[in-house]
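> Build me a model from this:
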Amino acid sequence: MSSANREAFILAGDIGGTKTNLGLFTRGKRRPVLKVLETYASPEAPNLEDIIDHFLERHEVSISSACFGIAGPVKNGRCKTTNLPWDVSERKLKNRFGWDRVLLVNDLTASAYAIPFLTRRELFPLNHAKTARKGNLGLIAPGTGLGMALLIRKDAHYVPVPSEAGHADFAPNNEAEAALWQYLHQRVGHVSVERVLSGPGLFIIYCWLKFTGQGTEPPWLEEKMNEGDPSKVISEAAFVEKQPLCVKALDLFVSIFGATAGNLALTGLATGGIYLGGGIAPGILPRLREGPFMRAFMDKGRLRGLLSQIPVRVILNDRAPLLGAAVCALETT
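Predicted coordinates for the structure are as follows:
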């Protein structure tokens with residue numbers, strides 16, 4: 001973009017442990033409109049400022065406001081990232097780039113801001129329950145880590161409530177999950193739900209199954225594991241080759257996913273719906289549709305009936321966190 005372009009843009013960011021997306025948005029009739037998108041490898045940069053510098057070298061525009069959704073707890077406008085050695089703060093960003101309005105929010109908070117603006121085409125329903133118009137919403141998003149957030153209904157608007165619920169305890173629901181918990185507890189001490197419900201978590205489940213003799217790993221699968229992302233390899237082998245060990249690992253992962261989503265629904269009384277975000281859910285959509293997820297979601301004893309009435313939707317738009325950051329930036333102007 002030329003510096004001659006006089007239109008003021010919103011700079012939005014989705015900062016994760018694996019990649020950072022930066023986008024330029026303008027105001028739209030219904031929601032912010034994305035004009036420019038750039039993706040950077042987060043671990044290759046010493047800090048967020050370095051990535052923004054590279055972005056602005058390519059796109060010399062006027063920035064009216066900026067908002068960055070970041071993977072980690074944000075306190076007083078500052079975040080020490082969970083999966084990166086970064087210390088990011090609103091103050092440093094304002095001083096470095098001369099912007100008047102900068103907001104730093106948890107990445108799930110950013111994603112939550114986007115939910116009311118998503119279209120039907122950007123969502124896939126896992127059940128046929130109807131949305132309670134005045135009900136709260138819940139968001140759960142496994143990826144590099146595990147994020148969760150609530151949107152509390154207030155008057156005609158939603159107020160996102162961030163959390164670090166991914167670091168809460170993993171609660172086993174059956175003998176297999178209890179054995180998995182015991183295996184991890186002996187090795188790492190505290191077993192958070194993120195340990196098993198994340199990209200690395202799927203690989204941990206697979207390794208536990210293999211270690212305990214519940215399946216064998218053929219040579220071709222071991223070779224693929226060494227060449228690529230183990231979690232992606234497991235998912236692909238479960239879907240394409242129907243490899244028994246990978247199928248078992250993915251099924252256990254999906255069941256834990258459903259149970260954790262159900263816990264979130266109860267915690268926030270999310271009668272408006274539970275939304276599955278992050279990069280993993282769309283990639284395992286065929287498995288999520290087959291039943292184990294919803295069975296685990298509803299398996300809450302006396303409150304099974306309540307859970308059966310809560311709609312569950314998979315977010316298909318992988319730019320939702322970026323959109324939400326732009327929405328958040330607009331709401332602060």
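> So what are the sheet partners of the worst-scoring helix or strand of the chain on mean pLDDT and their directions?
Ranked by mean pLDDT, DSSP states H and E, the helix or strand of the chain with the weakest confidence is strand 157-162, at a mean of 88. Using DSSP bridges, the strands paired with strand 157-162 in its sheet are strand 146-154 (antiparallel).
> Counting neighbours, which bits of the partner strand end up buried?
Leu146, Gly147, Met148, Ala149, Leu150, Leu151, Ile152, Arg153 (16 or more other Cβ atoms under 10 Å). Backbone N, C-alpha and C define where each C-beta goes, glycine included.
> got the residues you listed as CSV, with distance to Val88 and pLDDT columns?
Shown next, in CSV, are the buried residues of strand 146-154 (distance: Cβ to Cβ, whole Å; pLDDT from 0 to 100):
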residue, distance to Val88, pLDDT
Leu146, 20, 92
Gly147, 17, 90
Met148, 21, 93
Ala149, 19, 93
Leu150, 24, 95
Leu151, 24, 94
Ile152, 26, 94
Arg153, 30, 89
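> what bits of the stretch 201-333 of the chain have low per-residue confidence?
Along the stretch 201-333 of the chain, segments meeting pLDDT under 70 span 332-333.
> Sorry, wrong one. I was asking about the stretch 1-150 of the chain.
1-7.
> quick one: the helices in it?
48-58, 90-97, 107-114 (DSSP state H, counting those that start in this stretch).
> Give me whichever of the ones you listed is most buried.
Sort the helices of the stretch 1-150 of the chain by mean neighbour count, taking mean count of other Cβ atoms under 10 Å, and helix 107-114 sits at the top with a mean of 29.
> Just want the angle from that one to strand 157-162.
Helix 107-114 runs at 170 degrees relative to strand 157-162, counting by axes from the mean of the first three to the mean of the last three Cα atoms, to 10 degrees.
> which helices and strands does helix 107-114 pack with?
Applying 3 or more Cβ pairs under 8 Å, 6 or more residues apart in numbering; DSSP states H and E, one finds that helix 107-114 contacts strand 8-15, strand 62-70, strand 137-142, strand 146-154, strand 157-162, helix 320-331.
> and the last one, how far out from the chain's middle?
What that stands for is helix 320-331. 15 Å (Cα atoms, centre = their mean, to the nearest Å).
> swap in stretch 53-71?
22 Å.
> Span of that stretch from start to end?
20 Å (Cα to Cα, to the nearest Å).
> After the lengthiest helix in the chain, which helix or strand is next? Please name it.
Longest helix in the chain, counting residues (DSSP state H): helix 244-267. Per DSSP states H and E, the first helix or strand lying C-terminal to helix 244-267 is strand 273-276.
> Between the helices and strands packed on helix 107-114, which shows the greatest average number of neighbours?
strand 137-142 comes out most buried of the helices and strands packed on helix 107-114 by mean count of other Cβ under 10 Å, with a mean of 28.
> Stretch 273-287: how far from the chain's middle?
9 Å.
> Just the buried residues of it, please?
273-284, 287.
> Same list (the helices and strands packed on helix 107-114) but as TSV, adding distance to Ile256.
Output for these, formatted as TSV (distance: least, Cβ to Cβ, whole Å):
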stretch	distance to Ile256
strand 8-15	25
strand 62-70	25
strand 137-142	10
strand 146-154	10
strand 157-162	22
helix 320-331	23
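> And those: which comes nearest Ser235?
strand 137-142 (12.1 Å; Cβ to Cβ).
> could you give the angle of the closest one to strand 157-162?
Using the same axes, to 10 degrees: strand 137-142 against strand 157-162 is 30 degrees.
> Leu264 reaches Leu276, doesn't it?
No - counting by Cβ atoms under 8 Å, Leu264 sits too far from Leu276 to count as a contact (10.4 Å).
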